[in-house]
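**Student:** Sequence unavailable; structure follows:
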Ligand SMILES: Cc1ncc(COP(=O)(O)O)c(C=O)c1O
Ligand SMILES: NCCCCNCC[C@H](N)C(=O)O
């Protein structure tokens, strides 16, 4: 198989789905896949039986969720345009407005489907300014309980997304307690509450039982259907980016240039200034670099048992979330193909991107 390619492993996906099932059954919460994180529909067949549907951030994600995943389809967007709303309600089971202004604007057009508002509790677990919905001047959701109460008879629920890669159950529980305290009487008027994404419940050692019990308690206390919107938790650890070494250089450190680019194929590493997941196993250390023009196009550092050679194959871990959805044509670097490792170990090439796609995306 020609590199670069994203390699999605169905058996690892199935292992995450087993945890998803456990949580859904023990808590009564429904889990919707957040398509902004992962929208590679050829593997939806492995997920559909274990999740309740999808949630979206735009008209196109919404349509993809309805057509390729099915089941329950939530429509959220930071702002809907006038020309989108009629089409959006044909796909959506629920439409969630980011602001009271949008609810007012589309009040008549959406009167016949279930509606929600985004509630911004004013705090979050995000350590990243870019991804912190509670940052100063945040545009993400309504926070004033009087405003929320004013709309209580026009909506049936709220979406509260305030976690980010949160693997600390106690912190989750404490913040939920704050929400209960500050918004409890309003929540009790609703049919459903989505607690958004960002809870790392498929991670090694996460106390799933405690999370399930806490969600159940919340659901019973306010008599609401709880939803979660896992992106990362659904697909964490299920894919790698497979690359080949093209050149070897030395500049104080040993450098290996591969046939991929962080900017084009794993953009989050640059945005959040993180290193790729590269398991080290020897004494030969290399900096693994991309082939774009950017001096800082670096995946990370890794050591190997043997010195690297041109043509060696490397596997960059944890490449499913916020990677395939963000891949781009920067520098015209060949976009990674999408390959699935099937349950029997065989590889299926699902999609290859060639010059035709590069050309057509430019005019
Ligand atoms: C509203 C909403 N729901 C769910 C998610 C998914 O979050 P994660 O991938 O961290 O689980 C996000 C992330 O942006 C979001 O904004
Ligand atoms: N690994 C670096 C942090 C990733 C943050 N994810 C951002 C998306 C997220 N769903 C959000 O904005 O809440």
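**Tutor:** Good, I have the coordinates. None of these values were measured; they are calculated from a predicted model. Ligands and ions are numbered 1, 2, ... in the order given.

**Student:** Could you measure from residue 276 over to ligand 1?
**Tutor:** Applying Cβ to the nearest ligand atom, to the nearest Å, one obtains 18 Å for the distance of residue 276 from ligand 1. C-betas here are computed from N, CA, C, even on glycine.

**Student:** The residue most central in space within the chain: what secondary structure?
**Tutor:** Note on the chain: the residue nearest the mean C-alpha position is residue 37, at 2.5 Å, using Cα atoms, centre = their mean. Here residue 37 takes the coil state, with states given by DSSP: H, G, I helix; E, B strand; the rest coil.

**Student:** Residue 324 is in contact with that one, correct?
**Tutor:** No - the pair formed by residue 37 and residue 324 falls short of the contact definition of Cβ atoms under 8 Å, at 9.5 Å.

**Student:** Name the helix or strand for residue 122, please.
**Tutor:** Secondary structure assignment for residue 122, by DSSP states H and E: no helix or strand.

**Student:** and it, how many neighbours does it have?
**Tutor:** Residue 122 is flanked by 15 other residues according to other Cβ atoms under 10 Å.

**Student:** Would you list the phi and psi of it?
**Tutor:** phi 90, psi 0 (degrees, to the nearest 10).

**Student:** residues contacting it?
**Tutor:** Taking Cβ atoms under 8 Å, 6 or more residues apart in numbering as the definition of contact, the neighbours of residue 122 are 134, 143.

**Student:** what's the answer for residue 22, then?
**Tutor:** Shown in contact with residue 22 (Cβ under 8 Å, 6+ apart): 208, 212.

**Student:** Up against ligand 1, what does the protein have?
**Tutor:** Within the chain, the positions near ligand 1 by Cβ under 6 Å from any ligand atom are 34, 36-37, 161, 164, 196-198, 229-233.

**Student:** Am I right that residue 184 sits in a helix?
**Tutor:** Yes - secondary structure assignment (three-state DSSP) places residue 184 inside a helix.

**Student:** Parallel or antiparallel, list what pairs with the lengthiest strand in the chain.
**Tutor:** Taking DSSP state E as the assignment, the strand of the chain that covers the most residues is strand 239-251. Within its sheet, strand 239-251 is paired with strand 5-9 (antiparallel), strand 253-258 (antiparallel), strand 313-316 (antiparallel), according to DSSP bridges.

**Student:** Sort out for me which of the residues of the chain next to ligand 1 are in helices.
**Tutor:** Secondary structure of those is defined by DSSP state H; positions in helices are 232, 233.

**Student:** who's in contact with the nearest residue to the residue nearest to the centre of the chain once chain neighbours are set aside?
**Tutor:** With sequence-adjacent residues excluded and distances taken as Cβ to Cβ, 6 or more residues apart in numbering, residue 37 is closest to residue 231, at 2.6 Å. With Cβ under 8 Å, 6+ apart as the criterion, the residues that contact residue 231 are 33, 34, 36, 37, 38, 197, 198, 321, 322.

**Student:** For PyMOL, write the selection for the buried entries among these.
**Tutor:** The buried subset of these, as determined by 16 or more other Cβ atoms under 10 Å, is captured in PyMOL by this line:
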select buried, resi 33+34+36+37+38+197+198+321+322
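
**Student:** Considering only the contacts of residue 231, which also neighbour ligand 2?
**Tutor:** Among the contacts of residue 231, proximity to ligand 2 is found for 197, 198 (Cβ under 6 Å from any ligand atom).

**Student:** ok, of the contacts of residue 231, which one's closest to ligand 1?
**Tutor:** Here the nearest of these to ligand 1, counting by Cβ to the nearest ligand atom, is residue 197; it sits at 2.5 Å.

**Student:** can you tell me how far the closest one sits from residue 223?
**Tutor:** 24 Å (Cβ to Cβ, to the nearest Å).

**Student:** is it true that residue 240 touches residue 313?
**Tutor:** No - proximity of residue 240 to residue 313 does not meet the contact threshold set by Cβ under 8 Å, at 10.7 Å.

**Student:** in stretch 314-328, what's buried?
**Tutor:** Of the residues in stretch 314-328, those buried (16+ other Cβ under 10 Å) are 314, 316, 318, 319, 320, 321, 322, 323, 324, 325, 326, 327.

**Student:** ranges for the helices of the protein?
**Tutor:** Listed in chain order (using DSSP H), the helices of the chain are 10-27, 44-47, 59-64, 82-91, 100-105, 145-150, 169-187, 208-222, 232-235, 262-265, 267-271, 355-360.

**Student:** and those as JSON lines, adding mean pLDDT?
**Tutor:** Written out in JSON lines, the entries for the helices of the chain read as follows (pLDDT from 0 to 100):
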{"stretch": "helix 10-27", "mean pLDDT": "98"}
{"stretch": "helix 44-47", "mean pLDDT": "98"}
{"stretch": "helix 59-64", "mean pLDDT": "98"}
{"stretch": "helix 82-91", "mean pLDDT": "98"}
{"stretch": "helix 100-105", "mean pLDDT": "98"}
{"stretch": "helix 145-150", "mean pLDDT": "98"}
{"stretch": "helix 169-187", "mean pLDDT": "98"}
{"stretch": "helix 208-222", "mean pLDDT": "98"}
{"stretch": "helix 232-235", "mean pLDDT": "98"}
{"stretch": "helix 262-265", "mean pLDDT": "98"}
{"stretch": "helix 267-271", "mean pLDDT": "96"}
{"stretch": "helix 355-360", "mean pLDDT": "98"}
